[in-house]
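> Turn this into a structure:
(one chain, ligands or ions: 1)
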Amino acid sequence: MNDIAVIFYSRSGTTRLAAQMLADRLDCPLFEVEDAVSRAGFRGDLRCVIDNLLRRHVPYRYAGPPLSEYANLVFMAPVWIGHLAAPMRSFLRDQRPFTRGVAAAVMAARGGFRAAEEIAEALGRPPHPVIVLLQRDVVSGDARADIDAFATALISQPTTDPGVSRRPAWLSPNEA
Ligand SMILES: Cc1cc2nc3c(=O)[nH]c(=O)nc-3n(C[C@H](O)[C@H](O)[C@H](O)COP(=O)(O)O)c2cc1C
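Numbers count the residues shown, from 1 in each chain. This next block holds a predicted model:
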């Protein structure tokens, strides 16, 4: 079994950038959850809002390996109207139950604690560690220190015992 993998969903590239930084730092593989139907443009914006408001289970594509091949998983996705982006929420629900170590990072323009809590809900267990990154910090590169601290926390923790419920660690000092 491999040690760790990063799995991300990104509509407009910010989460992809942060996920790439984290995977480089951890020297681990990166796998993507993609939209089955494009969310580009205004109609795409509208679908993001409606899918999240109605908590729809949405179609997605995942071409990565089975998650059971990894002892630890990091999930990364953006916040849409205060909630975890629908494609990642749908993916996580379909992948349950999680019996390995799970960590989470959410991308937001202003803040995203509720989205991180939703990851815990979707996983059926609290992820650890958890980080909320602001889009402007990812784009400017200011988030690198937070991503490094997140990576260090991931490396230093033992694989989570499925029976042990941890409190999420809110690492980001930038939360709005
Ligand atoms: C439809 C929609 C709703 C959003 N709602 C929120 C929100 O409620 N709070 C927030 O902080 N950011 C919100 N954002 C901003 C995104 O979370 C932010 O731009 C994120 O970095 C996008 O990640 P991506 O580039 O990987 O898709 C929203 C973006 C979209 C498209």
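> Just give the nearest non-adjacent residue to residue 25, would you?
Counting by Cβ to Cβ, 6 or more residues apart in numbering, residue 25 lies nearest to residue 151, which is 4.3 Å off, once chain neighbours are set aside. Bear in mind the C-beta positions are built from the backbone N, C-alpha and C, glycine included.
> can you check residue 36 too?
Using Cβ to Cβ, 6+ apart, the closest residue to residue 36 is residue 59 (3.8 Å).
> Show me which residues of the one helix or strand the residue nearest to residue 25 maps to are buried.
Taking DSSP states H and E as the criterion, residue 151 maps to helix 144-156. Judged by neighbour count (16 or more other Cβ atoms under 10 Å), helix 144-156 contains these buried residues: 146-147, 150-151, 153-154.
> With stretch 67-83 instead?
Quick answer for stretch 67-83 (16+ other Cβ under 10 Å): 67, 70, 72-80, 83.
> same deal with stretch 131-142?
Those would be 131-135, 137-138, for stretch 131-142 by 16+ other Cβ under 10 Å.
> On the three-state scheme, residue 50 is what?
helix (DSSP: H, G, I helix; E, B strand; the rest coil).
> Measure how buried residue 13 is and give me the count.
Here the number of neighbours of residue 13 (other Cβ atoms under 10 Å) works out to 11.
> For it, grab phi and psi.
phi 110, psi -20 (degrees, to the nearest 10).
> ok so, going back, wait, which of the buried residues of stretch 131-142 is closest to the ligand?
Relative to the ligand, the closest of the buried residues of stretch 131-142 is residue 135; by Cβ to the nearest ligand atom it sits at 3.5 Å.
> The closest one and residue 106 touch, don't they?
No - using Cβ atoms under 8 Å, residue 135 is not in contact with residue 106, being 10.8 Å away.
> just to revisit the earlier point, among the buried residues of stretch 67-83, pick out the one closest to residue 6, please.
Nearest to residue 6 out of these is residue 74 (Cβ to Cβ; 4.6 Å).
> center of the chain, which residue is that?
residue 76 (1.9 Å; Cα atoms, centre = their mean).
> Would you mind listing what in the chain touches the ligand?
Residues of the chain lying close to the ligand by Cβ under 6 Å from any ligand atom are 10-15, 45, 48-49, 78-82, 107-112, 135.
> Okay, and which of those residues map to helices?
Counted as lying in helices by DSSP state H, out of the residues of the chain next to the ligand, are 14-15, 45, 48-49, 135.
> buried subset of these?
For these, buried by 16+ other Cβ under 10 Å: 14-15, 48, 135.
> what's the most distant pair in these?
Within those, 48 and 135 form the most distant pair, 14.7 Å apart (Cβ to Cβ).
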